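J.: Structural data only, the sequence is not supplied:
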């Protein structure tokens with residue numbers, strides 16, 4: 001055996017250079033950055049920092065920290081990975097994350113709908129199936145003692161799904177997630193985006209995995225129909241979301257009947273009528289596109305992006321270097337933040 005003693009701690013001498021701002025949201029700013037090490041090592045990362053308005057707010061600071069701690073061990077190809085949570089000398093927290101080179105599903109959808117074009121149904125189902133697999137992994141994840149964490153994302157929406165230039169679909173932003181062991185934001189808060197939240201989430205009842213299944217069903221419905229399952233003006237404080245039925249007539253007339261059944265199940269107002277876990281939904285989605293023995297793959301998605309989004313693959317000169325952060329800064333590749341609102345009244349109705 002090697003008799004050289006191992007250090008109890010390795011002093012981290014890495015630095016992060018922020019190269020450009022890539023997104024702004026209501027709570028955070030996201031940067032592209034380079035993580036620098038010794039001997040010319042440089043890794044492209046994303047850095048997420050709380051806006052100064054929220055950086056001193058204890059609730060949002062805990063939300064930010066909770067996201068990093070909750071997701072740090074979720075290593076799956078369909079979930080953007082978190083590398084580190086740190087704190088700057090001034091006290092601000094940051095998260096270092098995987099940089100996802102590509103575009104958001106929101107941008108992908110807007111590109112099509114603004115031109116009066118449909119997203120090819122097999123591609124839409126493929127994207128949804130990959131996110132279902134990511135959700136299934138998160139939902140079933142256990143801590144190091146083997147205890148299920150029972151993570152519920154609570155904000156599955158087009159802004160929080162990214163498509164990489166290699167054709168991979170990735171779920172991001174667990175900032176309003178909840179889990180058995182820790183809840184980033186508890187059920188007193190109305191969290192998520194109104195157009196995609198399940199009826200029980202809108203009513204501020206306790207949610208489980210099936211709420212995410214509803215939200216993913218709402219995303220798939222929008223990809224196929226070009227419209228949301230409920231109108232933008234829907235108000236969870238005054239409207240009964242369980243009684244609001246999706247506008248099924250907006251789906252294309254040639255929508256596969258089995259796919260219709262799948263979406264009706266995912267979007268059932270009663271959670272007991274939905275798929276009972278995300279693996280079940282993923283299997284049903286995969287059956288839709290592979291039942292004839294062939295179907296889209298990540299290579300299919302990449303080829304489609306190269307054809308319709310050629311700018312994603314054009315490499316210009318590197319952006320000018322930004323300021324140096326002396327301990328890793330914050331990350332996440334997001335297109336928008338979720339606004340969370342604390343609602344008066346009882347938690348459940």
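T.: Here it is on my side, so go on. In this text the structure is predicted, and so the values were computed from the model without any measurement. Residues are numbered from 1 along each chain as shown.
J.: where in this structure is pLDDT low?
T.: By pLDDT under 70, the weakly predicted segments of the chain are 1-14, 26, 180-191, 316-349.
J.: any idea how it splits into domains?
T.: Using automatic domain parsing, the domain ranges for the chain come out as 16-100+314-325, 102-305.
J.: mind listing the strands in the chain by residue range?
T.: Ranges of strands in the chain, per DSSP state E, are 15-24, 28-36, 42-50, 82-87, 93-98, 102-104, 161-164, 169-171, 189-190, 324-325, 341-342.
J.: Among these, which comes closest to residue 135?
T.: With CB to CB as the criterion, residue 135 lies closest to strand 169-171 of these, at 6.9 Å. Quick note: C-beta positions are derived from backbone N, CA and C, even for glycine.
J.: I'd like to know how far the spatially closest residue to residue 301 that is not a sequence neighbour sits from residue 47.
T.: Excluding the flanking residues, the one nearest residue 301 by CB to CB, 6 or more residues apart in numbering is residue 167, at 3.4 Å. Noted for residue 167: a distance of 25 Å to residue 47, by CB to CB, to the nearest Å.
J.: So if I had to pick from these two, which one is more boxed in?
T.: residue 47 (30 against 22; other CB atoms under 10 Å).
J.: The more buried one reaches residue 98, doesn't it?
T.: No - between residue 47 and residue 98 there is no contact under CB atoms under 8 Å: 11.2 Å.
J.: gap between the two ends of stretch 149-168?
T.: Its start and end residues considered, stretch 149-168 measures 26 Å (CA to CA, to the nearest Å).
J.: Would you indicate which residues of the helix ranked longest in the chain are buried?
T.: As assigned by DSSP state H, the longest helix anywhere in the chain is helix 121-140. For helix 121-140, the neighbour count (16 or more other CB atoms under 10 Å) marks 121, 123-139 as buried.
J.: Buried deepest among the domains of the chain, which one?
T.: Mean neighbour counts were compared across these using mean count of other CB atoms under 10 Å; the top stretch is domain 102-305, at a mean of 19.
J.: Just list whatever residues bridge to residue 164.
T.: Applying DSSP bridges to residue 164 gives these bridge partners: residue 102.
J.: residues touching it, list them.
T.: 100-102, 170 (CB atoms under 8 Å, 6 or more residues apart in numbering).
J.: which one of those is nearest residue 84?
T.: residue 100 (16.5 Å).
J.: Return the residues in contact with that closest one.
T.: Applying CB under 8 Å, 6+ apart, the residues contacting residue 100 are 46, 80, 162, 164, 170, 172, 333.
J.: same deal with residue 29?
T.: Residue 29 touches 21, 23, 48-49, 51, counting by CB under 8 Å, 6+ apart.
J.: what about 6 Å?
T.: residue 49 (CB atoms under 6 Å, 6 or more residues apart in numbering).
J.: ditto for residue 236
T.: Listed by CB under 6 Å, 6+ apart, the contact set of residue 236 reads residue 202.
J.: From residue 194, how far off is it?
T.: Residue 236 is 6 Å from residue 194, by CB to CB.
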